[in-house]
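In: quick check, what structure comes out for this input:
(chains A, B, C, D, E and F)
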4 protein chains.
Amino acid sequence: MEFQSTKGIFQQIADNISHRILEGKLPPGERVPSVRDLASEFEVNRNTLLRTYSILEESGIIINKRGIGFFVAENAPEMILAAEKSFFFENELPGLMQKAKILKLTNADLIDLLNLLNENENK
Amino acid sequence: MEFQSTKGIFQQIADNISHRILEGKLPPGERVPSVRDLASEFEVNRNTLLRTYSILEESGIIINKRGIGFFVAENAPEMILAAEKSFFFENELPGLMQKAKILKLTNADLIDLLNLLNENENK
Amino acid sequence: MEFQSTKGIFQQIADNISHRILEGKLPPGERVPSVRDLASEFEVNRNTLLRTYSILEESGIIINKRGIGFFVAENAPEMILAAEKSFFFENELPGLMQKAKILKLTNADLIDLLNLLNENENK
Amino acid sequence: MEFQSTKGIFQQIADNISHRILEGKLPPGERVPSVRDLASEFEVNRNTLLRTYSILEESGIIINKRGIGFFVAENAPEMILAAEKSFFFENELPGLMQKAKILKLTNADLIDLLNLLNENENK
DNA sequence: GTGGTCTAGACCACC
DNA sequence: GTGGTCTAGACCACA
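Out: Alright, predicted model coming up:
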């Protein structure tokens, strides 16, 4: 996996795992790979993975069973979706709208844009 | 002015000044406020403002007349708009679309959203 | 049974068994359930229970008859009570008092609290 | 400062700082010592202090001004008190009551105890 | 100067 | 085996 430099590696891995859960690759109740295994998979230090798991645990996405490992929480997909949604609406969308305004993009422009992107995706 | 922690303060001030130029508050040819004044307006260290001016100068948005100060470049508004536009389309929009997909937001949802935001703004 | 994360699981199970003894559910001389049975009751690894029994044996609360199993010691209730009492007074009470002081809780507050809790319990 | 082994060092330092704030030694608005300074004061690694500050920031007790340092939040004392109070009532008191019951201590005993401790303190 | 991230490696308690 | 803590030291962006 390639990491971009703008966000912390631990964050990017957390996002990656969240998306795996959303896609069903890691269903609720399933055991998450151990920090050691995942650290070597991503070729990062164990401490970095430890931090990743710790923030995922704090969000209630994974649960620690002591001495055994981490497991995907039962309602993990819903929690992830809810968290991302609220972050999007509260933090990203306002800035986006402001930017569109500055760029003098009308809603019509944006809608055209959306359609265009949609078409490309369906090809 | 409130600064958000995701971007550097020097960047946020640069954006702020760019926007002032776009809005016509700082027309081309006009002298930009001195580092001193702006530093106290933003309650920021002078070094931070020096960096702000230095990146604005690098982009050709402001021009240094030695011993006098900085002045808004003649074609500054166009340059800012072009720069932001290309950045938006190349860097921000793709991530946005991906996020919308993850959040299972359809284009229809997004359009509704745009209309809603537009109405609020016009109140 | 739910385990809290602050203490080791083996400890919590040991406490649990001690309390069963104090309550008379496991009278002196009685055979303690086998590691197997208790492990499945608590849904815990057998090794964890082995450790539990080993510390209980070390404290003299249960006694191992080789090839047969563990039995509650004759004076087990008294030993447990004495051990917990001294631990409480020496280790827990001082910290508690300090905390109450920090929280600006007066003795009167604490007494009120005790009465309140007592009433709830008697309902 | 001596550290006990039962709690993490980072936590004990966090508690220490919280208490300094409660005592008024670190009034709201005041700058908290830099991680480097405090790390050498406590003779621990900088990373440990970093973690301490990070949990204090998460609780809203201190605030990070980028490139400058951490500052005590305006309402820090209230937040600390509230946090400790709720933790005490929800996590510590129930266990305490259970223990008192097991130890067959009546409320009268506890009250006597409180008075005794109080006298010792006032000597 | 400030905090923030990452690595490498050690040691620990627990299951 | 698992996660959790701490240290030492490097590198970074920011003010």
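In: do the helix or strand that contains A:Thr48 and chain C meet?
Out: If you go by DSSP states H and E, A:Thr48 is part of helix A:46-58. No: judged by C-beta under 8 Å from any C-beta of the partner chain, helix A:46-58 makes no contact with chain C; its nearest approach is 10.9 Å. Glycine gets a C-beta too; all of them are placed from N, C-alpha and C.
In: where does the prediction get shaky in chain A?
Out: A:106-107, A:114, A:116-123 (pLDDT under 70).
In: my read: A:Leu110 touches A:Lys101, true?
Out: No: look at A:Leu110 against A:Lys101 with C-beta atoms under 8 Å: they stay out of range, at 10.9 Å.
In: so the two - more neighbours on which side?
Out: A:Leu110 (18 against 13; other C-beta atoms under 10 Å in any protein chain shown).
In: element containing the residue nearest the centre of chain A, please.
Out: For chain A, A:Asp15 is the residue whose C-alpha lies nearest the centre (C-alpha atoms, centre = their mean; 2.8 Å). Per DSSP H and E, A:Asp15 falls inside helix A:9-22.
In: can you tell me what sits against that helix?
Out: For helix A:9-22, the external contacting residues (C-beta atoms under 8 Å, 6 or more residues apart in numbering or on different chains) are A:1, A:3-4, A:26-28, A:32, A:38, A:42, A:44, A:48-49, A:51-52, A:55-56, A:61-62, A:72, A:76-77, A:80-81, A:84, B:102.
In: that older thread, report the buried residues of the helix holding A:Thr48.
Out: Residues A:48-49, A:51-53, A:56 are the ones in helix A:46-58 that count as buried (16 or more other C-beta atoms under 10 Å in any protein chain shown).
In: what count of nearby residues applies to A:Pro94?
Out: Residues lying near A:Pro94 (other C-beta under 10 Å) number 11.
In: that one is in what secondary structure piece?
Out: Assigned by DSSP H and E, A:Pro94 falls in helix A:93-102.
In: helices or strands up against that helix?
Out: Applying 3 or more C-beta pairs under 8 Å, 6 or more residues apart in numbering or on different chains; DSSP states H and E, we find helix A:93-102 packed against helix B:107-122.
In: residue with max distance from the center of chain A?
Out: A:Lys104 (30.7 Å).
In: and the nearest residue to A:Lys99 once chain neighbours are set aside, how many neighbours?
Out: Using C-beta to C-beta, 6 or more residues apart in numbering or on different chains and skipping residues adjacent in sequence, the residue nearest A:Lys99 is B:Phe88, 6.2 Å away. Using other C-beta under 10 Å, B:Phe88 has 17 neighbouring residues.
In: again, but for the one 4 residues further on
Out: The local packing of B:Glu92 (other C-beta under 10 Å) involves 15 other residues.
In: could you check how far it is from DNA strand F?
Out: Distance of B:Glu92 to DNA strand F, computed by C-beta to the nearest atom of the strand, to the nearest Å: 17 Å.
In: would you enumerate the residues in contact with that residue?
Out: Applying C-beta under 8 Å, 6+ apart to B:Glu92 gives the contacts A:96, A:99.
In: against chain C, how distant is it?
Out: Separation of B:Glu92 from chain C (C-beta to the nearest C-beta, to the nearest Å): 41 Å.
In: walk me through the domains of chain A.
Out: Following automatic domain parsing, one gets these domains for chain A: A:9-76, A:88-122.
In: out of the ones you listed, which is the most enclosed?
Out: Highest mean neighbour count among the domains of chain A (mean count of other C-beta atoms under 10 Å in any protein chain shown): domain A:9-76, with a mean of 16.
In: next, count neighbours for the nearest residue to the residue farthest from the centre of chain A once chain neighbours are set aside.
Out: Nearest-residue entry for A:Lys104: B:Leu81, 7.7 Å, with adjacent residues in sequence omitted and distances by C-beta to C-beta, 6+ apart. B:Leu81 has 16 neighbours, counted by other C-beta under 10 Å.
In: got it, and the one 4 residues further on?
Out: Taking other C-beta under 10 Å as the criterion, the count of residues near B:Lys85 is 15.
In: got the phi and psi for it?
Out: phi -60, psi -50 (degrees, to the nearest 10).
In: could you measure it against A:Ala82, distance?
Out: Look at B:Lys85 and A:Ala82: by C-beta to C-beta, to the nearest Å, they are 33 Å apart.
In: no more questions from me, cheers.
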